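Student: make a model of this:
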Amino acid sequence: MSESLVQVRGLTKIYKRGSERLTVLDNLDLDVARGDFVALMGPSGSGKTTLLNLIGGIDRPDSGSVQVGDRSIDQLSDRALAHWRSAHVGFVFQMFNLLPVLSAERNVELPLLLTGMSGSERRRRARTALSLVGLEDRASHKPAQLSGGQEQRVGIARAIVTDPELLLCDEPTGDLDRKSGDEILELLVALNESQGKTIIMVTHDPHAAERAKRTVHLDKGRLSMEAAA
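Tutor: Numbers count the residues shown, from 1 in each chain. Below is the predicted model of the structure:
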């Protein structure tokens with residue numbers, strides 16, 4: 001495996017509920033190598049999504065550091081962090097998060113609106129991303145005209161349209177039947193193996209975790225590792 005893409009050191013995240021302090025992540029360390037595919041498992045409320053959001057720069061830690069590539073993202077300003085996130089990270093969500101009034105192509109194009117890219121180049125890249133996920137013939141369809149599996153493929157196309165180095169997937173098969181879920185997992189494996197994308201995937205499903213190269217368990221704010229597949 002190549003050098004680390006993600007380095008997390010001493011990561012702590014605390015939420016406050018009135019006078020109560022809930023430590024979700026407790027002095028956590030994690031390394032993810034460039035080109036790795038990591039499944040992140042653990043019980044509900046164990047902090048899996050919180051960890052994903054900290055690595056992706058959606059949230060900030062109370063203490064500790066998060067380095068992705070050559071950037072210490074916990075040190076960036078909000079504006080610089082948003083710019084970094086749009087260029088380097090793709091997010092895939094359980095509920096797809098597509099805009100129902102837009103076509104598949106327009107949904108995929110959305111992350112490119114922040115780049116200053118021309119409309120023709122945005123459309124070209126959106127069509128390329130849809131082609132990579134096997135939906136070039138559904139570019140003009142709106143989400144209501146697609147199956148759940150197809151909607152998730154559009155979500156993945158949107159995540160990769162900026163050619164990010166890191167894909168963060170939060171229960172990407174959690175709202176799908178087994179057949180559609182397996183197709184999404186095959187697509188993620190292909191993106192990892194053929195396109196070189198580094199993937200961290202939160203999942204409750206051991207069947208999904210088996211497709212990753214290794215599994216990390218999170219419980220009570222701390223990690224334990226399983227051997228690589």
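Student: now do the strands in this structure.
Tutor: Here the chain has its strands, by DSSP state E, at 4-17, 20-33, 37-41, 63-68, 71-72, 89-93, 166-170, 198-202, 214-219, 222-225.
Student: TSV for those, including mean pLDDT?
Tutor: Below are these laid out as TSV (pLDDT from 0 to 100):
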stretch	mean pLDDT
strand 4-17	93
strand 20-33	92
strand 37-41	96
strand 63-68	95
strand 71-72	94
strand 89-93	94
strand 166-170	96
strand 198-202	97
strand 214-219	93
strand 222-225	80
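Student: so which of those strands is nearest Ala144?
Tutor: For Ala144, the closest of the strands of the chain is strand 89-93, at 17.7 Å, according to Cβ to Cβ. In short, each C-beta sits where N, CA and C put it, glycine included.
Student: not counting its own residues, what contacts that closest one?
Tutor: Strand 89-93 is touched from outside by 56-57, 68, 152, 155-156, 158-162, 164, 166-172, 197, with contacts defined as Cβ atoms under 8 Å, 6 or more residues apart in numbering.
Student: just the buried ones among those, please.
Tutor: 56-57, 68, 152, 155-156, 158-162, 164, 166-172, 197 (16 or more other Cβ atoms under 10 Å).
Student: identify the residues contacting Leu52.
Tutor: Counting by Cβ under 8 Å, 6+ apart, Leu52 has contacts Leu40, Leu168, Asp170, Ile200, Val202.
Student: what's near enough to touch the closest residue in space to it that isn't next to it in sequence?
Tutor: Of all residues not flanking Leu52 in the chain, Leu168 sits nearest, at 5.1 Å (Cβ to Cβ, 6 or more residues apart in numbering). Leu168 is in contact with Leu52, Ile55, Gly56, Val89, Gly90, Phe91, Val92, Ile199, Ile200, counting by Cβ under 8 Å, 6+ apart.
Student: who wins for neighbours among these?
Tutor: Within those, most neighbours by other Cβ atoms under 10 Å means Gly90, with 27 neighbours.
Student: so what's the residue lying closest to that one once chain neighbours are set aside up against?
Tutor: Excluding its sequence neighbours, the residue lying closest to Gly90 (Cβ to Cβ, 6+ apart) is Ala159, at 3.2 Å. By Cβ under 8 Å, 6+ apart, the contact list for Ala159 reads Gly90, Phe91, Val92, Leu167.
Student: go through the protein and flag its longest helix.
Tutor: helix 178-193 (DSSP state H).
Student: so what does the lowest-mean-pLDDT helix or strand in the chain touch, helix or strand wise?
Tutor: Least confident helix or strand, the chain: strand 222-225 with a mean of 80, by mean pLDDT, DSSP states H and E. With contacts taken as 3 or more Cβ pairs under 8 Å, 6 or more residues apart in numbering; DSSP states H and E, strand 222-225 sits against strand 20-33, strand 214-219.
Student: list the buried ones in that strand?
Tutor: So, applying 16+ other Cβ under 10 Å, buried residues of strand 222-225: Leu223.
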